[in-house]
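> got a sequence here, can you model it:
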Amino acid sequence: MTFSVSQSLPLSYKHILFDIDFQHVFPELFLTLVGIMLVIYGVVFTTASQKNYPVLVLNITWLVLLSLVYTFILLVHNPVHQGVMLYHTYVFDDFTTFLKGLILFSSFFSVYMAVAYTHDETLNAFESLILLVFCVISMFFLVSSADFITFYLALELQSLCFYVLAAMKRNSEFSTEAGLKYFLLGAFSSGLLLFGCSLIYGFTGVTNFLELAKIFSGGTQDILLSSVSLPACELGMTFLLVGLLFKMAAAPFHMWSPDVYEGSPTSITAFFMITPKAAIFGVFLRLFFEGFYDFFASWQTLVILSSLSSLIIGSLAALSQSKIKRFLAYSSIGHVGYLLAGVACGTIEGIQAVLIYLVVYIVMNINMFALLLCSVRPQAHGGTSRMKYLTDLSFLAKTNPLLALTLTVTMFSMAGIPPLAGFYSKAYIFFATLSSGLYALSVFGVLASVVSCFYYIRVVKIMYFEKPESWCSYMQIPKENAVTLAVSLWFILFFMMYPSPLHLITHKVSLFLCS
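Down below sits the predicted model:
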């Protein structure tokens with residue numbers, strides 16, 4: 001095998017451009033092959049009259065779960081740990097490996113805990129699971145993007161899958177509305193991203209993140225001598241920032257998320273809220289810390305404003321919500337505010353705080369949706385088979401004390417009450433902001449956390465003290481949801497007893513991104 005060393009890239013990577021780059025993207029290639037084979041499997045057998053047109057949702061669910069496990073094994077045992085390939089458009093290192101592992105973990109549990117829900121709701125569309133596989137593929141390419149071309153193509157592949165998934169429940173007008181709203185506003189944000197990319201390319205002539213960093217840091221004097229180029233590039237960076245804030249549902253660009261999350265099937269809502277944030281924040285950190293760090297003062301101001309808006313809107317809007325999924329949507333906007341506060345620090349500690357918060361946030365939401373995806377038993381006329389309103393949780397402590405205790409622990413963790421995992425993640429965000437001199441942002445974060453305690457503890461009050469108008473209780477918890485609840489609850493309860501492994505891993509990953 002012959003190779004050549006690229007001299008145009010930093011020494012922090014082993015910049016070896018192999019003749020056959022594809023041998024180092026086995027996880028992506030494997031998942032792509034799995035998606036294609038599952039499409040063929042589903043089309044052939046669901047249309048077979050001799051098989052009596054079988055419903056293959058359960059089969060494909062377990063095949064998808066197995067493929068995610070195999071992909072994780074391939075990711076961990078990849079023989080090359082760092083490098084830039086595919087003509088400097090695709091990067092893999094410890095940072096991307098960590099995020100890909102987190103994406104696989106969250107995707108696995110998003111599918112695993114929805115097995116019983118899919119069966120009970122008769123969502124006989126095996127295509128939804130295959131679209132989830134392609135979503136994971138797009139997220140893999142997104143976090144490894146080192147160029148605007150791969151970045152935009154990966155983001156659009158993810159968005160197209162999301163539009164279809166949101167409208168997957170075709171007999172529901174709410175699901176159709178969610179898909180249409182997601183498509184229109186998502187297309188608008190994609191247009192902003194594309195316009196930002198075109199502005200930067202038009203005035204610099206490059207699309208690679210690292211090459212942009214060299215230009216902006218003074219490596220090329222021509223652009224620095226121009227009175228137009230740098231302001232135009234800064235404007236393009238602003239459009240990119242706004243487009244990414246749309247994608248992560250950060251205020252004031254959050255208007256689509258409550259309606260989309262409420263209208264989508266609950267299993268799809270769980271995937272939307274749990275998995276994509278790791279990919280979006282991953283590419284956000286790489287783009288702005290590698291490509292636009294010389295514009296730090298400009299984008300830091302915008303990120304701080306978005307963080308403050310998310311904290312205020314997420315906290316205040318959640319106070320008046322009566323539906324569970326809208327409540328969680330505004331709660332998610334508040335959590336994005338904390339994540340953006342870590343990004344605004346612009347330091348290694350800030351990046352590490354973001355990564356720790358992402359892990360804890362994902363686990364807490366997995367626990368929450370593992371409970372919401374369980375069926376309830378109507379006890380009165382007009383009852384529902386799913387928890388839809390917060391008041392449906394009334395007196396859950398009487399009908400199922402163990403579930404009430406589990407949800408109580410999760411709510412306390414989301415509120416940031418010690419000694420739970422949510423407290424550690426929020427505290428580390430505040431330490432990072434204080435060490436960066438962002439005192440006002442830290443104060444707003446603490447105040448928003450105090451407000452959030454009110455609406456999280458209100459859920460606990462409903463479960464323990466409010467008498468319901470119509471009694472309803474959970475049916476037998478499916479074993480998949482029970483396992484998910486047990487694993488996530490164990491993490492939330494005991495994470496602070498031994499946080500060192502995650503702390504060391506995220507510190508190493510943060511150093512790698514900033515090297």
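
> now for residue 460: which residues touch it?
Shown in contact with residue 460 (Cβ atoms under 8 Å, 6 or more residues apart in numbering): 407-408, 411-412. (C-beta placed from N, C-alpha, C; glycine too.)

> which element is it on?
Taking DSSP states H and E as the definition, residue 460 sits inside helix 439-465.

> so what pLDDT did the residue nearest to residue 269 when sequence neighbours are not counted get?
Sequence neighbours aside, residue 261 is the residue nearest to residue 269 in space, at 4.9 Å (criterion: Cβ to Cβ, 6 or more residues apart in numbering). Residue 261 carries a pLDDT score of 90 in this model.

> residue 323 is in contact with residue 261, correct?
No: the pair residue 261 / residue 323 is not scored as a contact, 9.9 Å apart, by Cβ atoms under 8 Å.

> compare these two (neighbour count), which wins?
Legend: neighbour count by other Cβ atoms under 10 Å for residue 261 and residue 323, higher for residue 261 (26 against 17).

> what's in contact with whichever helix or strand that one is part of?
In the assignment (DSSP H and E), residue 261 maps to helix 257-263. Residues from elsewhere that reach helix 257-263 (Cβ under 8 Å, 6+ apart): 166, 172, 174-179, 181-182, 249, 269, 272-273, 323, 325-326, 328-330, 332-333.

> and what of stretch 400-415?
331, 335, 360, 364, 367-368, 371, 393, 396-397, 420-423, 449, 452-453, 456-457, 459-460, 463-464, 473-474, 477, 485, 488-489, 492-493.

> the chain: strands as residue ranges?
3-5, 16-18, 83-85, 90-92, 376-378, 472-474 (DSSP state E).

> average model confidence for the last one?
I take that to be strand 472-474. 68.

> next: the fifth one.
Per-residue pLDDT values over strand 376-378 give a mean of 61.

> again, but for the third one
pLDDT averaged over strand 83-85 equals 80, rounded to a whole number.

> so how far is the helix holding residue 261 off the chain centroid?
16 Å (Cα atoms, centre = their mean, to the nearest Å).

> repeat for stretch 486-504
For stretch 486-504, the distance to the chain centre is 20 Å (Cα atoms, centre = their mean).

> what residues sit buried inside it?
Of the residues in stretch 486-504, 488-489, 491-492, 495, 499, 502 count as buried by neighbour count, 16 or more other Cβ atoms under 10 Å.

> repeat for stretch 161-178
Neighbour-count burial for stretch 161-178 [16+ other Cβ under 10 Å]: 161-169, 175-178.

> which ones among the residues you listed map onto helices?
Among the buried residues of stretch 161-178, the members falling in helices (DSSP state H) are 161-166, 175-178.

> format those residues as CSV; extra columns: distance to residue 66 and pLDDT.
As requested, these are exported to CSV (distance: Cβ to Cβ, whole Å; pLDDT from 0 to 100):
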residue, distance to residue 66, pLDDT
161, 20, 91
162, 24, 91
163, 27, 91
164, 23, 90
165, 21, 89
166, 26, 88
175, 28, 81
176, 32, 85
177, 34, 85
178, 30, 85
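
> and the two most separated of these?
Across these, the longest distance by Cβ to Cβ is 18.6 Å; it joins 161 and 177.

> so who does residue 275 touch?
Taking Cβ under 8 Å, 6+ apart, we find residue 275 in contact with 103, 106-107, 110, 135-136, 139, 362.

> identify the farthest-apart pair in those residues.
135 and 362 (15.2 Å).

> tell me which of these two has more neighbours.
Taking other Cβ under 10 Å, residue 135 and residue 362 do not tie; residue 135 has more neighbours (26 against 22).

> nearest residue to the more buried one in space, please, no chain neighbours.
residue 161 (4.7 Å).

> one more: residue 442?
residue 433 (4.5 Å).

> correct me if wrong: the one you found contacts residue 339.
No: Residue 433 is not in contact with residue 339 according to Cβ under 8 Å; the separation is 11.8 Å.

> tell me which of these two has more neighbours.
residue 433 (28 against 25).

> phi and psi next, for residue 373.
When read as degrees, to the nearest 10, the backbone of residue 373 gives phi -80, psi 0.

> show me what contacts the nearest residue to residue 483 once chain neighbours are set aside?
With sequence-adjacent residues excluded and distances taken as Cβ to Cβ, 6+ apart, residue 483 is closest to residue 112, at 7.9 Å. Each residue near residue 112 by Cβ under 8 Å, 6+ apart is listed here: 65, 480, 483-484.

> which of the residues you listed scores worst on pLDDT?
The minimum pLDDT among the contacts of residue 112 falls on residue 480, with 89.

> how close does it get to residue 128?
17 Å (Cβ to Cβ, to the nearest Å).

> try residue 197
Residue 197 is 30 Å from residue 128, by Cβ to Cβ.

> of those two, who's got more company?
Using other Cβ under 10 Å, the more surrounded residue of residue 197 and residue 128 is residue 128, with 24 against 20.

> quick check, the more buried one in contact with residue 268.
Yes: taking contacts as Cβ under 8 Å, residue 128 lies within contact range of residue 268: 7.3 Å.

> which neighbours do those two share?
With Cβ under 8 Å, 6+ apart as the test, residue 128 and residue 268 both reach 165, 168.

> and the helices in the stretch 351-500 of the chain?
396-399, 401-415, 421-435, 439-465, 479-494, 500-514 (DSSP state H, counting those that start in this stretch).

> which one, of those, ends up nearest to residue 240?
Nearest to residue 240, of all those, is helix 500-514, at 18.0 Å by Cβ to Cβ.

> other SSEs contacting the closest one?
helix 94-112, helix 348-372 (3 or more Cβ pairs under 8 Å, 6 or more residues apart in numbering; DSSP states H and E).

> nearest approach to residue 208 belongs to which of those?
Nearest of the helices and strands packed on helix 500-514 (Cβ to Cβ): helix 94-112, 16.0 Å.
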